[in-house]
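Trainee: Sequence isn't available, so here's the structure alone:
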């Protein structure tokens with residue numbers, strides 16, 4: 001059977017198989033953003049310096065705002081509204097990479113996780129700016145502009161702490177070893193990848209991962225950090241998560257679930 005395809009800037013409804021495939025991609029992106037935004041928000045009032053505290057509050061707000069954008073595109077394809085998607089699903093229904101559900105950890109882990117995520121998002125958004133699905137291309141262009149500050153912030157902290165002192169180097173290296181295999185899971189193909197690639201919606205995840213590694217490796221090396229040899233932690237894109245997601249959602253969804261029937 002031939003794969004459904006779209007021409008650039010062709011604003012037509014998606015055929016059913018492709019609509020579902022695009023939905024899986026949007027769901028993965030939205031879930032990544034909303035959960036990382038929650039993790040980042042946990043630093044408000046606790047970051048090591050005031051500047052970092054303000055920065056993390058702003059980044060958390062941005063991540064959640066981007067999640068709303070992706071959830072809204074998903075709603076246009078027939079999924080429930082953004083609040084329903086964020087607050088009223090159980091852990092197995094989430095399609096985030098496991099990287100974003102891991103506990104906050106120390107500042108080194110937060111810096112490394114944000115850095116790896118920011119650059120993964122950079123290469124993904126740059127690719128999606130050329131997507132054959134116009135709403136996705138337009139949204140990616142908007143979000144990519146807003147991500148510039150995130151990239152500057154996380155890169156600066158990695159370079160600052162990578163070899164500042166023996167202690168900072170030790171903590172950053174430990175954080176990289178913990179985060180790296182989960183970061184590889186950002187490139188776990190969501191269901192329907194073949195359809196999306198054939199239709200020009202996105203490039204293959206393996207290609208995105210190669211672009212990402214080409215960008216992060218020189219920066220990590222400049223920070224005197226050694227990338228570990230590790231297998232990707234997959235499963236998040238099909239609903240298999242760590243035990244940490246349950247605790248995270250209990251906290252994140254508590255207020256909304258306490259007022260079922262209210263408008264959020």
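Mentor: That came through, no problem. Predicted model only: the values in this text are computed from it and were never measured. Numbers count the residues shown, from 1 in each chain.

Trainee: Next up, the contacts around residue 189.
Mentor: The neighbourhood of residue 189, defined by C-beta atoms under 8 Å, 6 or more residues apart in numbering, consists of 204-205, 237. C-beta here means a position set from N, CA and C on the backbone, and glycine is covered the same way.

Trainee: if you set the cut-off to 7 Å instead, what comes out?
Mentor: 205, 237 (C-beta atoms under 7 Å, 6 or more residues apart in numbering).

Trainee: Equivalent analysis for residue 246, please.
Mentor: Contacts of residue 246 by C-beta under 7 Å, 6+ apart are residue 91.

Trainee: Figure out the helix or strand that it lives in.
Mentor: helix 244-257 (DSSP states H and E).

Trainee: Likewise for residue 224?
Mentor: Per DSSP H and E, there is no helix or strand for residue 224.

Trainee: ok so, going back, buried residues in the helix holding residue 246, which are they?
Mentor: By neighbour count on 16 or more other C-beta atoms under 10 Å, the buried set for helix 244-257 is 245, 248-249, 252-253.

Trainee: Check stretch 91-111 too.
Mentor: Buried positions in stretch 91-111, judged by neighbour count with 16+ other C-beta under 10 Å: 91, 94-102, 104-105, 107-111.

Trainee: Ok, stretch 68-85 next?
Mentor: 68-74, 77, 79, 82, 85.

Trainee: now do the same end-to-end measure for that stretch.
Mentor: With C-alpha to C-alpha, to the nearest Å as the measure, the first residue of stretch 68-85 is 10 Å from its last.

Trainee: just how off-centre is that stretch within its chain?
Mentor: Relative to its parent chain, stretch 68-85 has a centroid offset of 16 Å by C-alpha atoms, centre = their mean, to the nearest Å.

Trainee: Reduced to three states, what does residue 219 come out as?
Mentor: helix (DSSP: H, G, I helix; E, B strand; the rest coil).

Trainee: for it, what are its contacts?
Mentor: Taking C-beta under 7 Å, 6+ apart, we find residue 219 in contact with 155, 158-159.

Trainee: pLDDT on the helix or strand harbouring residue 127, on average?
Mentor: Here residue 127 is covered by helix 107-128, with elements defined by DSSP H and E. Across helix 107-128, the average pLDDT comes to 98.

Trainee: Who are the packing partners of it?
Mentor: Counting contacts by 3 or more C-beta pairs under 7 Å, 6 or more residues apart in numbering; DSSP states H and E, helix 107-128 is packed against helix 134-146, helix 148-162, helix 166-184, helix 205-222.

Trainee: Now distance to residue 55 and mean pLDDT too, for those helices, in CSV please.
Mentor: Below are those laid out as CSV (distance: least, C-beta to C-beta, whole Å; pLDDT from 0 to 100):
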stretch, distance to residue 55, mean pLDDT
helix 134-146, 14, 95
helix 148-162, 6, 95
helix 166-184, 18, 98
helix 205-222, 18, 98
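
Trainee: Select, out of the ones you listed, the one closest to residue 48.
Mentor: The closest of those to residue 48 is helix 148-162. By C-beta to C-beta, the value is 10.1 Å.
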